[in-house]
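[1] Let me see the structure of the following:
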Amino acid sequence: MIRKYQFGRPIRTDAAAADLPAEKGTLPYLQYMDGKQFAYGMGDKDIVYGLGENVRGINKRGWIYESNCTDGPSHTEDRRSLYAAHNFLLVHGEATFGIFFDYPGMLTFDIGYTNLNEMVITPADMNMDIYVVEGPDMPSIIKEFRSLIGRSYIPPKWAFGYGQSRWSYMDEDEVREVVRNYRESGIPLDSIYLDIDYMDRYKDFTVNEDAFPDLPAFVTELKAQGVRLVPIIDAGVKIEKGYDVYEEGVRNGYFCKEEDGTDFVAAVWPGKVHFPDVLNADARKWFGHLYKYMLDQGIEGFWNDMNEPAIFYSEKHLKEVFEQIDGFKGRNLDLNEFWQFKGLVENISNNEGDYRSFYHNVDGELIRHDKVHNLFGYNMTRAAGEAFEELEPDKRILMFSRSSYIGMHRYGGIWMGDNISWWSHLLLNLKMLPSLNMCGILYTGADICGFGGDTTEDLALRWIALGIFTPLMRNHSALGTRRQEAYRFEHTDAFRNLIGIRYGLMPYLYSEYMKAALRNEMLFKPLSFDYPDDSFALQVEDQLMLGGSIMIAPVYQQNAEGRYVYLPETMKMVKIRSMDDMSFEIMEKGHHYIPVALHEVIFFIRPGKIVPFTEPAKCISDLDDRNLRYMHFLKGEGSYELYRDDGFSRDYDNPSNYTVITLEAE
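    Predicted coordinates for the structure are as follows:
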């Protein structure tokens, strides 16, 4: 059951796909305090799940979080927000319920930070819709909530293959070299990502013709090898006379405005830019149809970046900073003055004042950006998604974004932002998965091996061992860091085999994704969702249930030769070195230490369950999904519901896509 409560005059976000009437009466569970915040008294054993993309654990107790989409690459434990705003919580304990704050401005969740057993939610103002979700158990509550917000995005099947990215592959020849090395090394590959340098001087919907002189021909050349090109699109439109996107946007009033009606000027990669007013329906349609320029050249996938939106500086604030710096010239700076001086420069980027200085046209009403800040990335991706439905109605286009809000999950997935090659970020990758699934975001994954910093071979192997299971499996690294393409490391055969396991398990991974998306369910669940009465399962945060058949337990510590695993019931352990080299062991319920070498992957099959698999291939389109083999933990008869479609069309609900496979084991 879902009940909606309305406070003040909410700004329409379109996060909910269903329009519910507002209830009259008192908001359940939460105490409404002083007209400014909401509070909930937590029991000692209560668990608080949710908040999608964020730092720390699966259980969010003990910290203070902010819904404030932020361009911040340092994902340390003291951060309060990352790139997204996912205002959904699931409380499990003395009372079990879900609650969604549909509010696009700054929202603070103090979950036992100030007072250990008190949760306090504080919005910047009191204009919001609040949805209370109830059900008999946690999976039912999530299913109810997901039915409210709508079906999760479904990418083309090739987008489940292994992808290689770098900031940046600078020209055709460098891309060819990467593809050639993958193919010669026998390591599967389905996509190459193009970062900002493929553009003409960082201008959206342009191509550097010196580096990519004939992009359509190059796209065709790579596609013949089973590889797709996936270019980046940024939020800022370069201010440049003669640039058609800029001039058309200015002419039609499609950019965000200053209070005086002039176009807001910020700066990102190309220097000074305007931001498309994607909250304006007309501007959103215009911006979305700009993707046609790339679609017409054969491109079938995109990633949207810098769409919090990130701001290097605004023209107005930069001028103010220079004026203040002049005042420090010739002075003897003491401690306080030095920090003031240093802060002037450090606070230029993503300055709070800048976000309060420009406006959107929302249904004919001018609304200051900070009131709707968390909707920008969502609506940039929505612009593309709505355009794809019109331009390519029968074809799936890959789309994922850095910034998001609940509702964007209908138009694309996300990657988990600019992480670093740290072991702690490998674990954070795992912990974000169920929280994101609760909010409808199924197509997700982190930058494998880490984006910033220099990875190591052991970290790369362990991260790929987790990436085998995440829907988005992309290796991405930053300018100036160690090259981390899989073929560059000493033990190339280990990388070949691990990535091959991803392809071998694709019949299971794809089936479970599609069933989760089409039935509004989670792909990744905490153990507590399936074992709610098991006190140990309630505490486990480094193992996840994946689909209906398996539990994953990756190794995430440096120099570890294995790991401890808790089994909430008797399971069959699968240890894989390649799809032709695997072993099985039935293990009883309880705590176990399991050796796991760098070149191995483990997972666990539940009793009565089946996992279909196939032979690896160089790319998804070459996989044989008709001659399947099966791992299982059966005593007698069991069945598995396989989902198999063409991987390209939107004919998701066709009954012929489902096949029930029945096995009988002695």
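
[2] got any ranges where this structure has weak pLDDT?
    Nowhere does the chain drop to pLDDT under 70.

[3] mind giving me the domain split of it?
    Residue ranges for the domains of the chain, per automatic domain parsing: 2-149, 424-442+456-666.

[4] what kind of secondary structure is the residue lying closest to Arg331 once chain neighbours are set aside in?
    In this structure, Arg331 finds its nearest non-sequential neighbour in Glu337, 6.9 Å apart by Cβ to Cβ, 6 or more residues apart in numbering. Placement of C-beta: from N, CA and C, glycine included. Classification of Glu337 by DSSP: H, G, I helix; E, B strand; the rest coil places it in helix.

[5] Phe145 looks like it's in a helix, true?
    Yes. Remark: Phe145 belongs to a helix, assigned using three-state DSSP.

[6] you'd agree it is up against Ile99?
    No. Assessed by Cβ atoms under 8 Å, Phe145 is found out of contact with Ile99, at 9.4 Å.

[7] Kindly point out which residues are neighbours of both of the two.
    Common neighbours of Phe145 and Ile99, using Cβ atoms under 8 Å, 6 or more residues apart in numbering, are 88, 131, 133.

[8] show me the contacts for Ala617.
    Ala617 is in contact with 188, 503, 623-624, counting by Cβ under 8 Å, 6+ apart.

[9] that older thread, mind putting the domains of the chain in JSON lines, distance to Lys329 included?
    Shown next, in JSON lines, are the domains of the chain (distance: least, Cβ to Cβ, whole Å):
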{"stretch": "domain 2-149", "distance to Lys329": "31"}
{"stretch": "domain 424-442+456-666", "distance to Lys329": "33"}
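
[10] To Phe287, which of those domains lies closest?
    The minimum distance between Phe287 and these falls on domain 2-149, with 16.4 Å, by Cβ to Cβ.

[11] Let me see the contact set for Phe603.
    Residues near Phe603 by Cβ under 8 Å, 6+ apart: 469, 546, 550-553, 573-574.

[12] Pairing-wise in the sheet, spell out the partners of it.
    Beta bridges link Phe603 to Ile552, Val574 when assigned by DSSP bridges.

[13] Next, the contact list for His75, please.
    Contact analysis of His75 by Cβ under 8 Å, 6+ apart lists 55, 82, 417, 419-420, 425, 428.

[14] out of the contacts of Phe603, what pair is the most spread apart?
    Farthest-apart pair in the contacts of Phe603 is Phe469 and Met573; separation 15.5 Å (Cβ to Cβ).

[15] In terms of neighbours, single out the busier of the two.
    Higher neighbour count among Phe469 and Met573: Phe469, with 26 against 20, using other Cβ atoms under 10 Å.

[16] My read is that the more buried one contacts Glu512, right?
    No. Between Phe469 and Glu512 there is no contact under Cβ under 8 Å: 9.8 Å.

[17] which among the contacts of Ala617 gets closest to Gln37?
    Nearest to Gln37 among these: Tyr503, at 49.6 Å, using Cβ to Cβ.

[18] Might you report the residue contacts of Pro28?
    3, 97, 132.

[19] in what helix or strand does the last one lie?
    Looking back up the chat, that one is Val132. Assigned by DSSP states H and E, Val132 belongs to strand 128-133.

[20] contacting residues around that strand?
    Contacts of strand 128-133 (Cβ under 8 Å, 6+ apart): 1-8, 10, 16, 20, 22, 27-29, 97-103, 141, 144-145, 148.

[21] still on that earlier bit, turn the buried ones among the contacts of Ala617 into a named ChimeraX selection, would you?
    Command for ChimeraX, covering only those of the contacts of Ala617 found buried under the criterion 16 or more other Cβ atoms under 10 Å:
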select :188,503,623
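
[22] of the contacts of strand 128-133, buried ones?
    In terms of neighbour count (16+ other Cβ under 10 Å), the buried residues within these are 2-5, 7, 10, 16, 97-103, 141, 144-145, 148.

[23] Where strands are concerned, which of these count?
    Of the buried ones among the contacts of strand 128-133, the ones assigned to strands by DSSP state E are 2-5, 7, 97-102.

[24] which among those residues gets closest to Asp296?
    The shortest approach to Asp296 among these belongs to Asp102, at 36.8 Å (Cβ to Cβ).

[25] check contacts around the closest residue to Leu426 other than its chain neighbours.
    Leaving out its chain neighbours, the residue that sits closest to Leu426 by Cβ to Cβ, 6+ apart is Tyr556, at 4.8 Å. Going by Cβ under 8 Å, 6+ apart, Tyr556 touches 423, 426-427, 430, 462, 466, 542, 563.

[26] one more time with 7 Å, if that's ok
    By Cβ atoms under 7 Å, 6 or more residues apart in numbering, the contact list for Tyr556 reads 423, 426-427, 430, 462, 542.

[27] Repeat that for Ile464.
    With contact taken as Cβ under 7 Å, 6+ apart, Ile464 is in contact with 448, 495, 498-499.

[28] most remote residue from the protein's center?
    For the chain, the largest distance from the centre (Cα atoms, centre = their mean) belongs to Gly330, which lies 48.5 Å off.

[29] what's the helix or strand for that residue?
    Assessed by DSSP H and E, Gly330 sits outside every helix and strand.

[30] before we move on, what about Phe400?
    Taking DSSP H and E as the criterion, Phe400 maps to strand 398-401.

[31] Ok, His360 next?
    Secondary structure (DSSP H and E) places His360 in strand 358-362.

[32] Quick one: residues in contact with the helix or strand just after that strand.
    Next in sequence after strand 358-362, counting helices and strands by DSSP H and E, comes strand 365-368. Strand 365-368 is contacted from outside by 11, 356, 359-360, using Cβ under 7 Å, 6+ apart.

[33] quick one: contacts of the very next helix or strand once past the strand holding Phe400?
    Counting by DSSP H and E, the next helix or strand C-terminal to strand 398-401 is strand 404-405. The contact list for strand 404-405 (Cβ under 7 Å, 6+ apart) reads 13, 15, 84-85, 104, 374-375, 377-378, 414, 441.

[34] Quick test: name the residue nearest the centre of the chain.
    Ile414 (2.7 Å).

[35] give me phi/psi at Leu290?
    phi -70, psi -20 (degrees, to the nearest 10).

[36] Relative to Trp269, how far out is it?
    For Leu290, the distance to Trp269 (Cβ to Cβ, to the nearest Å) stands at 17 Å.

[37] can you give me the helices in the stretch 151-300 of the chain?
    Per DSSP state H, counting those that start in this stretch, the stretch 151-300 of the chain carries helices over the ranges 172-185, 215-223, 244-252, 281-289, 292-295.

[38] Most tightly packed of those helices?
    helix 281-289 (a mean of 19; mean count of other Cβ atoms under 10 Å).

[39] From the chain's centroid, how far away is stretch 657-665?
    Stretch 657-665 sits 32 Å away from the centroid of its parent chain (Cα atoms, centre = their mean, to the nearest Å).

[40] Ignore what I typed, I meant stretch 564-584.
    28 Å.

[41] picking that back up, the strand holding Val132 pairs with which strands?
    strand 2-7 (antiparallel), strand 97-102 (antiparallel).
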